[in-house]
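>>> got a predicted structure here, sequence first:
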Amino acid sequence: MILNLTQHLATSEQLAAGVVDLPEDKRAALTRALTVTTLPDRESIEARCDYIAELACQNGLGGDDEDDPHPRMAMIGGAPWLMSTLEQALTERGITPLYAFSVRESTERILPNGTVQKINVFKHAGFVKI
């Protein structure tokens with residue numbers, strides 16, 4: 001199991017790869033923790049990351065092993081200034097942080113009025129392990 005600790009629901013490709021979204025109440029708490037509206041200091045960043053890591057440990061989903069309810073891996077993503085501290089908080093709890101890797105497929109379509117519409121589709125292609 002790979003616990004989704006991003007603000008976005010897992011895509012169908014990520015779900016097929018073993019990603020699991022938090023239950024709705026926990027997702028709401030996660031979203032609040034990942035949403036920062038004022039300039040943070042080091043202490044508030046560490047507190048947010050510790051909260052998120054604890055949320056991962058108390059997610060109610062169980063881990064891969066019946067004797068250990070904690071997930072072994074978590075998909076993370078968000079503000080770059082938050083991620084290294086979150087990586088550390090998760091690692092301290094035995095959870096390996098992963099980043100989703102996607103491939104962009106770009107196509108162009110000529111519209112009836114002669115303009116060109118460019119469409120980018122991001123396809124899940126795996127995980128980058130930290």
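It's in.

>>> what does stretch 119-130 rub up against?
With contacts defined as CB atoms under 8 Å, 6 or more residues apart in numbering, stretch 119-130 is touched by 2, 11, 13-14, 17, 75, 87, 91, 96-109. Bear in mind the C-beta positions are built from the backbone N, C-alpha and C, glycine included.

>>> ok, now with 10 Å
Residues outside stretch 119-130 that contact it (CB atoms under 10 Å, 6 or more residues apart in numbering) are 2, 10-19, 73, 75-76, 83-84, 87-88, 90-91, 96-109.

>>> okay, buried residues for it please.
For stretch 119-130, the buried set under the neighbour-count rule, 16 or more other CB atoms under 10 Å, comprises 124, 127.

>>> how about that stretch as PDB, C-alpha atoms only?
What follows is stretch 119-130 as a C-alpha-only set of coordinates in PDB (Å, rounded to 0.1, in the frame of the first residue of the first chain):
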ATOM      1  CA  ILE A 119      -3.700  19.400 -24.900                       C
ATOM      2  CA  ASN A 120      -1.300  18.000 -22.300                       C
ATOM      3  CA  VAL A 121      -2.100  14.700 -20.600                       C
ATOM      4  CA  PHE A 122       0.000  13.600 -17.700                       C
ATOM      5  CA  LYS A 123       0.200   9.800 -17.500                       C
ATOM      6  CA  HIS A 124       1.400   8.100 -14.300                       C
ATOM      7  CA  ALA A 125       4.700   6.200 -15.000                       C
ATOM      8  CA  GLY A 126       5.900   5.200 -11.600                       C
ATOM      9  CA  PHE A 127       7.400   6.500  -8.400                       C
ATOM     10  CA  VAL A 128      10.600   8.100  -7.400                       C
ATOM     11  CA  LYS A 129      11.800   6.700  -4.100                       C
ATOM     12  CA  ILE A 130      13.600   9.000  -1.700                       C
END
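
>>> what's the offset of it from the middle of its chain?
Chain-centre distance of stretch 119-130: 12 Å, with CA atoms, centre = their mean, to the nearest Å.
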